[in-house]
Structures are given as structure tokens and as C-alpha cells.
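K.L.:
I need the structure of the sequence given here:
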Amino acid sequence: MWLHQFTPIKPTRFRLVVYLSFVVALCWPLRVGHGASASDEQRLVDEATATFQRFLESPGIASWYVAQGKNIKGVFIVPKFVRGAFLVGAAGGKGVLLAQDFVRDGWSYPAFYGMSVASVGVQAGLDLAEVVMIIQTHGGLERFYGSGTVRLGVDAGLTLGPWGEAGTAGLDVVTFAWSKGLFGGMSLDGLAVTAYDGSNEAYYGSRVTPEQILTTKSASNPGADRLRAVVGRLFSPQP
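P.N.:
Sure thing, here's the model as predicted:
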């Protein structure tokens with residue numbers, strides 16, 4: 001009997017349902033780590049490791065990465081970046097940030113963040129991407145230190161741009177995205193990054209700030225050693 005009561009969803013209504021589903025999916029990661037577990041965060045670290053391995057295997061990127069050497073201050077990896085453009089462009093995902101340690105010749109353990117952005121270039125529909133951001137200045141890295149949300153981009157006094165379009169020497173942050181089987185430059189406007197205090201606490205077993213993880217190295221978890229090795233495997237920076 002219930003089959004006769006079923007009303008097909010009209011195309012316009014279907015688009016609205018899909019869009020609202022996308023909004024829910026986009027906002028879900030931005031819960032600032034509430035209810036986070038160490039196993040969830042380890043899964044994210046493992047996914048970030050796989051993403052960065054693909055990043056280094058893309059044509060032209062490994063040589064560029066090595067050439068930057070000590071100019072690279074940090075690496076932000078978002079292995080699942082949901083994006084869509086039904087009514088307005090929007091995108092978001094959860095990621096990890098590592099900072100380069102020039103004194104100890106290595107990389108920090110990861111700090112957990114969420115990323116959201118109002119628009120991601122020209123696109124249609126809904127898809128999943130992988131994003132890597134290379135932070136080239138101390139000022140750019142310091143924007144990530146505080147808890148809460150920080151906006152990145154020209155309006156925030158930070159130059160943010162895609163790799164491969166007009167050079168990267170003058171950019172604080174260089175952005176990449178996995179598309180069509182390889183990484184390429186990606187333009188991000190209106191970028192906001194939120195520190196996930198709950199995720200950091202779950203992964204390290206104590207309350208630690210992003211700055212403590214990235215600079216004072218007061219938190220560690222051997223589950224991230226492989227990620228640290230992959231991020232630093234192509235060069236050994238010098239002070």
C-alpha cells in the first residue's frame with residue numbers, strides 16, 4: 001500500500017535535497033574535534049600519508065618540492081576535501097599540519113585542523129578532492145598557531161595562490177589539488193582554517209595547543225612517524 005503513497009521527488013526538490021546533504025557533509029567535519037577518538041585521527045594521519053605520497057609522485061612536483069628546501073616552513077594536508085557548486089561554491093575538509101624543524105633537521109608531529117572555503121575556482125556538481133598546501137613563510141605558519149579559526153588570503157595579509165600559474169616565490173602559501181589523476185595548482189578564495197583542539201587531545205592523550213605541537217614539540221605519537229618520514233624523505237634541510 002505504501003508504494004501508492006510514494007511521491008517522486010521533483011528535479012528542483014532533488015537538487016535542493018542534494019545541496020542540503022552537501023552542506024551537512026561540509027559542516028560535519030567542522031565540529032572542532034568534538035567526540036574525536038585516537039583511532040579516527042590515526043585514520044586521518046594514514047590517509048594524509050597516502051595523499052602526500054601521491055603528491056610527490058605527480059610530474060614536476062617532486063623536483064619543485066626539493067628545490068624549495070629550507071623555504072618550506074610547513075605542510076598542510078587535507079586527504080578528503082568535499083566541494084560542490086549547486087547554489088554557491090563551497091568546500092571543506094579535515095587535515096593535518098606539520099612544521100619543519102630546522103634545528104633538529106626533521107618535522108613536527110601533526111596538528112589537526114578543519115578547512116572551509118567559500119569558492120574553489122570554477123566547478124559544477126559535487127566531488128571529492130585531495131589538497132596539499134605548502135607554507136613558505138614563517139608568517140604563514142604562525143597564522144596556524146592559535147586555537148580557533150583564522151582566515152587566510154590577501155584580506156588577511158597573506159598571499160595564497162596555486163602552483164604553476166605565475167610562480168611561487170612571492171606566495172606565503174602554495175596550493176595544490178588532486179585532479180584528473182595528478183596534482184596541479186588550485187585557487188582557494190575565502191579560506192578559513194579551524195584548529196581541532198579535541199582531535200589534538202584525543203591523538204596525543206593530553207590537552208596541547210597547535211603551537212606546542214608544531215614548535216615546542218611537547219607532544220608525540222609514533223603513529224605519525226611514517227607521515228613525518230614521507231614529508232621529509234626527499235631532502236634534509238639545513239639551518
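K.L.:
For the helix or strand encompassing Ala91, list the C-alpha coordinates in CSV.
P.N.:
In this assignment (DSSP states H and E), Ala91 forms part of strand 89-101. C-alpha atoms of strand 89-101 as CSV (Å, rounded to 0.1, in the frame of the first residue of the first chain):
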residue,chain,number,x,y,z
GLY,A,89,30.5,27.3,-4.4
ALA,A,90,31.6,25.8,-1.1
ALA,A,91,34.2,23.3,0.1
GLY,A,92,35.7,21.8,3.3
GLY,A,93,37.5,19.0,4.9
LYS,A,94,39.7,17.9,7.8
GLY,A,95,43.5,17.8,7.6
VAL,A,96,46.9,17.8,9.4
LEU,A,97,49.7,20.4,9.6
LEU,A,98,53.4,19.6,10.1
ALA,A,99,56.1,22.2,10.6
GLN,A,100,59.7,21.9,9.5
ASP,A,101,62.2,21.8,12.4
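K.L.:
And that strand, what does it pack against?
P.N.:
Contact partners of strand 89-101 among helices and strands, from 3 or more CB pairs under 8 Å, 6 or more residues apart in numbering; DSSP states H and E: helix 11-27, helix 38-57, strand 74-85, strand 106-107, strand 111-119, strand 125-135, helix 225-231. C-beta coordinates here come from the backbone N, C-alpha and C atoms, glycine included.
K.L.:
strands paired with that strand, and their directions?
P.N.:
Sheet pairing for strand 89-101, assigned by DSSP bridges, gives strand 74-85 (antiparallel), strand 106-107 (antiparallel), strand 111-119 (antiparallel).
K.L.:
among the helices and strands of this structure, which one scores worst on average pLDDT?
P.N.:
Using mean pLDDT, DSSP states H and E, helix 2-5 stands out as the lowest-scoring helix or strand of the chain, at a mean of 33.
K.L.:
Now the helix or strand hosting Leu141: buried residues?
P.N.:
Following DSSP H and E, one finds Leu141 within helix 138-142. Burial within helix 138-142, assessed by neighbour count using 16 or more other CB atoms under 10 Å, is assigned to Gly140, Leu141, Glu142.
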